[in-house]
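J.: Starting from these lines, generate the structure:
(one chain, ligands or ions: 1)
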Amino acid sequence: MAWVESFDAFVRTHLPALRVEQDAKMAHYTSFRIGGGARRMAFPRTEEDVERLLSFCREHEVPCLVIGKGTNLLISDQGLDQLVLNMLEMNAIRVEGTRVYVQAGALLSHVAVAAQKAGCAGLAFAHGIPGSLGGAVAMNAGAYGGEMQQVVESVTALFPDGLRTLRGEALRFGYRHSVFTEEKGVVLAAVLSLQKGDSTEIRAEMDDLMARRRASQPLEYPSAGSTFKRPEGYFAGTMIDQCGLKGAAVGGAEVSEKHAGFIINKDHATFEDVVTLIGVVQDTVFREFGVELEPEVKIIS
Ligand SMILES: Cc1cc2nc3c(=O)[nH]c(=O)nc-3n(C[C@H](O)[C@H](O)[C@H](O)COP(=O)(O)OP(=O)(O)OC[C@H]3O[C@@H](n4cnc5c(N)ncnc54)[C@H](O)[C@@H]3O)c2cc1C
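T.: Predicted coordinates for the structure are as follows:
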């Protein structure tokens, strides 16, 4: 029996209330607007849903991709023969004093606004990052001098060996890296620790950072943000610009004229267009600077 049939039977029996989409077009679930159909996409609403779905995958050896808002993903047009766990329906946010209790699927922009309204400072940097809390924790997302590791107090996650709540060193935060990317942990929720601040000042800071983003980033086109990680001692965008690659295109994919660090989906780009352009940029930068650019975007095929 194909795994999808076992899966559908499993859901009917054990999770009858679970929302499941068949052949979910990944282009609809990613900011790049690229990606074919995923055989099944499930939208868990509780920790138990996630636990049962992961047990099913382990038992039936079905690969599982966990996604939040899909803002750091490049997915094959051939689609995914795997279960996609879309975390966006687990999205509760609660502020108590200067602590924020938040589920993985909450959007960072919503978390930042909830914190700002409650007079909690320290999360303004994250307001313009278009992902979910879970994706941001897994990636240790950061901008304008801030990084998730500065505000995360603890994270509850499901690992292949069970549920764990981790804090401090155990989170193994690094540049766009965490224990969750290393050990395939699914982030369920986190506690953020902020400081007391003035709501009006925090709002002004968020607005200022958003204006800086709009001025410097090609937000009018689909993309997955910065295509490459920042190599030590360099800026990827500056090197790409110095190689004369702004505007370089393969099919519908283009190195943004506005910010060379972004590859954009200018006009119905395919997965292959973007992957080929990534290769062109890597080869050119290596030839000119001897530096290997590593994609920040997660390429999944
Ligand atoms: C216009 C634009 C601007 C951006 N600016 C920034 C920026 O300033 N700084 C920055 O750091 N990033 C930036 N990004 C990239 C992206 O928004 C971040 O990496 C974000 O944290 C990804 O969150 P997501 O929910 O979209 O994750 P997804 O893209 O859905 O997933 C990304 C990775 O996280 C994993 N993941 C997602 N949810 C979970 C979970 N609950 N548990 C475990 N793993 C999970 C996925 O498996 C995948 O490996 C930008 C992207 C865009 C499109």
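J.: hmm, stretch 294-301 in reach of the ligand?
T.: Yes: Stretch 294-301 comes into contact with the ligand (CB under 6 Å from any ligand atom), by way of residue 298. Every C-beta, even on glycine, is put in place using the N, C-alpha and C of the backbone.
J.: what about that stretch, distance to the chain center?
T.: Put simply, stretch 294-301 sits 11 Å off its chain's centre (CA atoms, centre = their mean, to the nearest Å).
J.: where exactly do the helices run in this structure?
T.: Ranges of helices in the chain, per DSSP state H, are 3-14, 47-60, 108-117, 133-139, 179-183, 199-216, 236-242, 271-289.
J.: and the first one, C-alpha only, in PDB?
T.: Translated: helix 3-14. Output for helix 3-14, consisting of C-alpha atoms alone and laid out as PDB, is shown next (Å, rounded to 0.1, in the frame of the first residue of the first chain):
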ATOM      1  CA  TRP A   3       2.100   5.600   2.200                       C
ATOM      2  CA  VAL A   4      -0.600   8.100   1.300                       C
ATOM      3  CA  GLU A   5      -3.300   5.400   1.600                       C
ATOM      4  CA  SER A   6      -1.900   4.300   5.000                       C
ATOM      5  CA  PHE A   7      -1.800   8.000   6.000                       C
ATOM      6  CA  ASP A   8      -5.400   8.700   5.000                       C
ATOM      7  CA  ALA A   9      -6.500   5.600   6.900                       C
ATOM      8  CA  PHE A  10      -4.400   6.700   9.900                       C
ATOM      9  CA  VAL A  11      -6.000  10.200   9.900                       C
ATOM     10  CA  ARG A  12      -9.500   8.800   9.600                       C
ATOM     11  CA  THR A  13      -9.000   6.600  12.600                       C
ATOM     12  CA  HIS A  14      -6.800   8.600  14.900                       C
END
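J.: Now do it against helix 47-60, angle only.
T.: Using axes from the mean of the first three to the mean of the last three CA atoms, to 10 degrees, the interaxial angle of helix 3-14 with respect to helix 47-60 works out to 140 degrees.
J.: Burial-wise, tell me which of the helices of the chain comes out on top.
T.: With neighbours defined as mean count of other CB atoms under 10 Å, these peak in mean count at helix 133-139, which reaches a mean of 29.
J.: can you give me how far that helix is from the chain middle?
T.: Remark: helix 133-139 is offset 6 Å from the chain centroid, using CA atoms, centre = their mean.
J.: so what does it touch, helix or strand wise?
T.: Helix 133-139 makes packing contacts with helix 108-117, helix 179-183, strand 186-193 when contacts are defined by 3 or more CB pairs under 8 Å, 6 or more residues apart in numbering; DSSP states H and E.
J.: Turn those into JSON lines, including mean pLDDT and distance to residue 29.
T.: Below are the helices and strands packed on helix 133-139 laid out as JSON lines (pLDDT from 0 to 100; distance: least, CB to CB, whole Å):
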{"stretch": "helix 108-117", "mean pLDDT": "98", "distance to residue 29": "17"}
{"stretch": "helix 179-183", "mean pLDDT": "93", "distance to residue 29": "20"}
{"stretch": "strand 186-193", "mean pLDDT": "98", "distance to residue 29": "17"}
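J.: Look up the closest residue to residue 116, ignoring the ones flanking it.
T.: Leaving aside its chain neighbours, residue 116 sits nearest to residue 202 (4.4 Å; criterion: CB to CB, 6 or more residues apart in numbering).
J.: so the one you found touches residue 121, yeah?
T.: Yes: with contacts defined as CB atoms under 8 Å, residue 202 counts as touching residue 121 at a distance of 5.5 Å.
J.: circling back: which residues touch the residue nearest to residue 116?
T.: Under the criterion of CB atoms under 8 Å, 6 or more residues apart in numbering, the neighbours of residue 202 are 115, 116, 119, 120, 121, 124.
J.: How confident was the prediction at it?
T.: On pLDDT, residue 202 comes in at 98.
J.: Also residue 223?
T.: Looking at residue 223, its pLDDT is 98.
J.: what about it, distance to residue 261?
T.: Using CB to CB, to the nearest Å, we find residue 223 at a distance of 10 Å from residue 261.
J.: Enumerate the residues of the stretch 1-150 of the chain near the ligand.
T.: Applying the criterion CB under 6 Å from any ligand atom, the portion of the stretch 1-150 of the chain that neighbours the ligand consists of 31, 65-73, 87, 104, 129-132, 134-136, 138-139, 141-143.
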